[in-house]
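Chemist: I'll drop the sequence and a predicted model, then ask my questions.
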There are 2 protein chains.
Amino acid sequence: MIRAAVGIVAIILSTGCRLGSNEADARAIDELQERVDSAIVAGDTERYLTFLTADAVLMPPNEPPVRGKDAIRSWSDAMAQRARIQEYRPSDQTVVVAGDWAFREGSFQMIVIPAGSAAPIRSQGKFIIIYRRGEDGTWRIARDIWNLSGSP
Amino acid sequence: MIRAAVGIVAIILSTGCRLGSNEADARAIDELQERVDSAIVAGDTERYLTFLTADAVLMPPNEPPVRGKDAIRSWSDAMAQRARIQEYRPSDQTVVVAGDWAFREGSFQMIVIPAGSAAPIRSQGKFIIIYRRGEDGTWRIARDIWNLSGSP
């Protein structure tokens, strides 16, 4: 479902450097994000961490920033214990590639089941994710900020 | 006060393209952001709009995204009528320049006076701002997302 929802992204050509590689980069970044979303929905923190830069920062709403893989591991484990994600559906996504950096903006709809509860919570929001290409050529998530957009 | 608070930013060299220009770009982007923050604190919507790309998107918490200058004008005017910003203090800022795109991450502390009230509201949060260099060489804000970080 997430694979299908990621769908087509708009590609904005950028610096003129690496001309011709932006489409391939945007595809690689889309594939990365599909794996990331799958790992998050599955509550698989260790797999999720493999997709982050060492200095990655999560910027969740109503909490301080979460800096670095160790802090992100603790935060993600705590989240996975508090709730299960039943459905995560991104939309309106755009990816911009600029050299060794890239960003994605988009919206999402999510259904979460809090631990010990059968009542699902629906929410919708928006995000910007920043990616960095490592020296090994692999794209990873460097920053991720999101917030909610009000009632669905 | 905002000028002083913007202070020193970390500059991460990026693509290898435009080598040597990243520091100058980061300085130009810092100066832009100081002007933007001043215009927002002053409630000067028209001045603020001059610093945005035509397709800029604001992504405020607990509201849908605000797309394009006309929508941003309405949103900013409504905000200026609802409250006055007494103080805005950014911190922990990093600017990354990648060709014709750049982004800033950081935290902020803010004191707001709601209209018709003498009681200030203190809040703290974090943000990612994305900039694009126009064909005229001028950097402008293309995306701005933020959220709150909990109690100060």
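Modeler: Done, it's in.
Chemist: in chain A, which helix or strand is least confident?
Modeler: In chain A, no helix or strand scores lower on mean pLDDT, DSSP states H and E than helix A:2-6, which sits at a mean of 38.
Chemist: Moving along the chain from the longest helix belonging to chain A, name the first helix or strand you hit.
Modeler: Ordering each helix of chain A by length in residues (DSSP state H) puts helix A:22-41 first. Later in the chain than helix A:22-41, the nearest helix or strand by DSSP states H and E is helix A:45-49.
Chemist: sec struct for A:Gly150, please.
Modeler: coil (DSSP: H, G, I helix; E, B strand; the rest coil).
Chemist: Spell out which parts of chain A neighbour chain B.
Modeler: For chain A, the residues in contact with chain B (C-beta under 8 Å from any C-beta of the partner chain) are A:14-18, A:57, A:59-65, A:96, A:98-101, A:103, A:105, A:107, A:126-128, A:130, A:143, A:145-150. Every residue, glycine included, has its C-beta placed from N, CA and C.
Chemist: now do 7 Å
Modeler: Contacts of chain A with chain B, taken as C-beta under 7 Å from any C-beta of the partner chain, map to A:14-15, A:17, A:59, A:61-65, A:96, A:98-101, A:103, A:105, A:126, A:128, A:130, A:143, A:145, A:147-150.
Chemist: hey, where'd the strands end up in chain A?
Modeler: With DSSP state E as the criterion, chain A has strands at A:10-12, A:52-59, A:66-67, A:83-98, A:101-114, A:121-133, A:139-148.
Chemist: Please identify the most buried of the ones you listed.
Modeler: Stretch with highest mean neighbour count among the strands of chain A: strand A:139-148 (a mean of 21; mean count of other C-beta atoms under 10 Å in any protein chain shown).
Chemist: What pairs with it, parallel or antiparallel?
Modeler: Here strand A:139-148 is paired, per DSSP bridges, with strand A:52-59 (parallel), strand A:121-133 (antiparallel).
Chemist: Average pLDDT for the shortest one, rounded please.
Modeler: Confidence over strand A:52-59 (mean pLDDT, whole number) is 97.
Chemist: which intervals of chain A have sub-threshold pLDDT?
Modeler: Residue ranges of chain A with pLDDT under 70: A:1-21, A:151-152.
Chemist: and with 80 instead?
Modeler: For chain A, the stretches with pLDDT under 80 are A:1-21, A:118, A:151-152.
Chemist: residues contacting the closest residue to A:Phe103 other than its chain neighbours?
Modeler: Among residues not flanking A:Phe103 along the chain, A:Ile130 sits closest, at 4.9 Å (C-beta to C-beta, 6 or more residues apart in numbering or on different chains). Contact analysis of A:Ile130 by C-beta atoms under 7 Å, 6 or more residues apart in numbering or on different chains lists A:101, A:103, A:142-143, B:103, B:128.
Chemist: hmm, back to that, of all the strands of chain A, which one comes closest to A:Asp37?
Modeler: strand A:83-98 (5.9 Å; C-beta to C-beta).
Chemist: Run the angle between the closest one and strand A:139-148 for me.
Modeler: Taking axes from the mean of the first three to the mean of the last three C-alpha atoms, to 10 degrees, one finds that strand A:83-98 is oriented at 120 degrees with respect to strand A:139-148.
Chemist: Strand A:83-98 - contacts with which helices or strands?
Modeler: When contacts are defined as 3 or more C-beta pairs under 7 Å, 6 or more residues apart in numbering or on different chains; DSSP states H and E, strand A:83-98 sits against helix A:2-6, strand A:10-12, helix A:22-41, strand A:101-114.
Chemist: Kindly recompute the last result at 6 Å.
Modeler: Applying 3 or more C-beta pairs under 6 Å, 6 or more residues apart in numbering or on different chains; DSSP states H and E, we find strand A:83-98 packed against helix A:22-41, strand A:101-114.
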